[in-house]
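Student: below: sequence and its predicted model.
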Amino acid sequence: MAPPSDSRPIVISGPSGVGKGTLYNLLFTRHPDTFTSSVSHTTRGPREGEKHGEHYHFTTMEDFEQLISKDAFIEHAKFGGNRYGTSKQTVADQTAKGRVVVLDIEMEGVKQIQEQRARGSSLDARYVFIAPPSVEVLEKRLRGRGTEKEESVQKRLAQALVEIEYSKTPGVHDKIIVNDDLEKAYKELEDFIYQPAPAATKA
Ligand code: ADP
Ligand code: 5GP
């Protein structure tokens, strides 16, 4: 399959546990050599199976703050008691691979990138929000994943309500996908990503 004609980075956001990672893993598996993930920095510890430099750049709070003071981030935010950020270097490195860059970031990061964009700088991206069928289903998935302690589950669920509310703001997202049936949601994501580029953004 030819690569997407609209090669702008894709920003995927949505509440923790909704299935963002599952969906973009499918995208990467089914379209090898087409996409690349923007590897964020985080102060949280690695989960089982997560690799430094692949899933995240795992970093200390001190190092993270030093990167902020050097203006190294395109955006950064606090989430669930930890810090997360997208470094300028990471996006430059990933873009240089000639693939479509996929960013998985939370709401504050989305806001920051869009505000910079409104001022004429930063990423020209496409924004997808992944919504849960219901908050009850989201809680089940988050708990079912088995990666979070109770305190973290509570923080993530509280933040989920804020993110879902924010997703209703007109004009923030180009596409909202309800991840109920996985294959159906995946198809919607793929169709959106592969839809023809608007004339002004064609390479
Ligand atoms: P996120 O990256 O948004 O935090 P994950 O991709 O880790 O979420 O998904 C959270 C859990 O929900 C995982 O255990 C995953 O297997 C499961 N999951 C994802 N999508 C679906 C779906 N459509 N139906 C049922 N379970 C799902
Ligand atoms: P997790 O700890 O589950 O990997 O991620 C928690 C949340 O942080 C998710 O909503 C994810 O999208 C978000 N996140 C991951 N990396 C970044 C980042 O670089 N910037 C921002 N703003 N959020 C991020």
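Tutor: Structure received. Ligands and ions are numbered 1, 2, ... in the order given.

Student: name the single longest helix found in this protein.
Tutor: With secondary structure taken from DSSP state H, the chain has its longest helix at helix 150-166.

Student: which strands and helices lie in contact with that one?
Tutor: On a contact count with 3 or more C-beta pairs under 8 Å, 6 or more residues apart in numbering; DSSP states H and E, helix 150-166 meets helix 107-118, helix 135-145. Every C-beta, even on glycine, is put in place using the N, C-alpha and C of the backbone.

Student: again, 6 Å this time
Tutor: helix 135-145 (3 or more C-beta pairs under 6 Å, 6 or more residues apart in numbering; DSSP states H and E).

Student: between the longest helix of the chain and helix 107-118, how many degrees?
Tutor: 40 degrees (axes from the mean of the first three to the mean of the last three C-alpha atoms, to 10 degrees).

Student: helix 150-166 near ligand 1 anywhere?
Tutor: No. Figure legend: helix 150-166 not in contact with ligand 1 (C-beta under 6 Å from any ligand atom); closest approach 8.3 Å.

Student: what does that helix rub up against?
Tutor: With contact meaning C-beta atoms under 6 Å, 6 or more residues apart in numbering, helix 150-166 is reached by Pro15, Ser16, Gly80, Met107, Leu138, Glu139, Leu142.

Student: let's see 10 Å
Tutor: 13-18, 44, 79-82, 106-108, 110-111, 129, 131-132, 135, 138-139, 142-143, 145, 147-149, 172-173 (C-beta atoms under 10 Å, 6 or more residues apart in numbering).

Student: tally of neighbours for Trp167?
Tutor: Residue 167: Ser, not Trp. 19 (other C-beta atoms under 10 Å).

Student: mind listing what it touches?
Tutor: So Ser167 contacts Ser13, Gly14, Pro15, Met107, Val110, Tyr127, Phe129, Ile130, Ala131, His173, Ile176 (C-beta under 10 Å, 6+ apart).

Student: out of those residues, which touch ligand 1?
Tutor: Among those, ligand 1 is touched by Gly14 when using C-beta under 6 Å from any ligand atom.

Student: next, format the contacts of Ser167 as TSV and append secondary structure, neighbour count and distance to Ala197.
Tutor: Converted to TSV, the contacts of Ser167 look like this (DSSP: H, G, I helix; E, B strand; the rest coil; neighbours: other C-beta atoms under 10 Å; distance: C-beta to C-beta, whole Å):
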residue	secondary structure	neighbour count	distance to Ala197
Ser13	strand	23	21
Gly14	coil	27	24
Pro15	coil	26	29
Met107	helix	21	26
Val110	helix	24	21
Tyr127	strand	20	15
Phe129	strand	25	20
Ile130	strand	26	22
Ala131	strand	22	25
His173	coil	21	18
Ile176	strand	15	20
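
Student: closest to ligand 2 among the contacts of Ser167?
Tutor: Of all the contacts of Ser167, Ser13 has the smallest distance to ligand 2: 6.0 Å, by C-beta to the nearest ligand atom.

Student: C-alpha coordinates for stretch 64-75, PDB please?
Tutor: Included here for stretch 64-75 are C-alpha records, laid out as PDB according to Å, rounded to 0.1, in the frame of the first residue of the first chain:
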ATOM      1  CA  PHE A  64      13.500  16.300  32.900                       C
ATOM      2  CA  GLU A  65      13.600  19.700  34.500                       C
ATOM      3  CA  GLN A  66      17.000  20.400  32.900                       C
ATOM      4  CA  LEU A  67      15.500  19.600  29.500                       C
ATOM      5  CA  ILE A  68      12.700  22.100  30.200                       C
ATOM      6  CA  SER A  69      15.200  24.800  31.200                       C
ATOM      7  CA  LYS A  70      17.100  24.200  27.900                       C
ATOM      8  CA  ASP A  71      13.800  24.600  26.000                       C
ATOM      9  CA  ALA A  72      14.200  21.100  24.600                       C
ATOM     10  CA  PHE A  73      10.500  20.200  24.500                       C
ATOM     11  CA  ILE A  74       7.900  21.000  21.900                       C
ATOM     12  CA  GLU A  75       5.400  20.300  24.700                       C
END
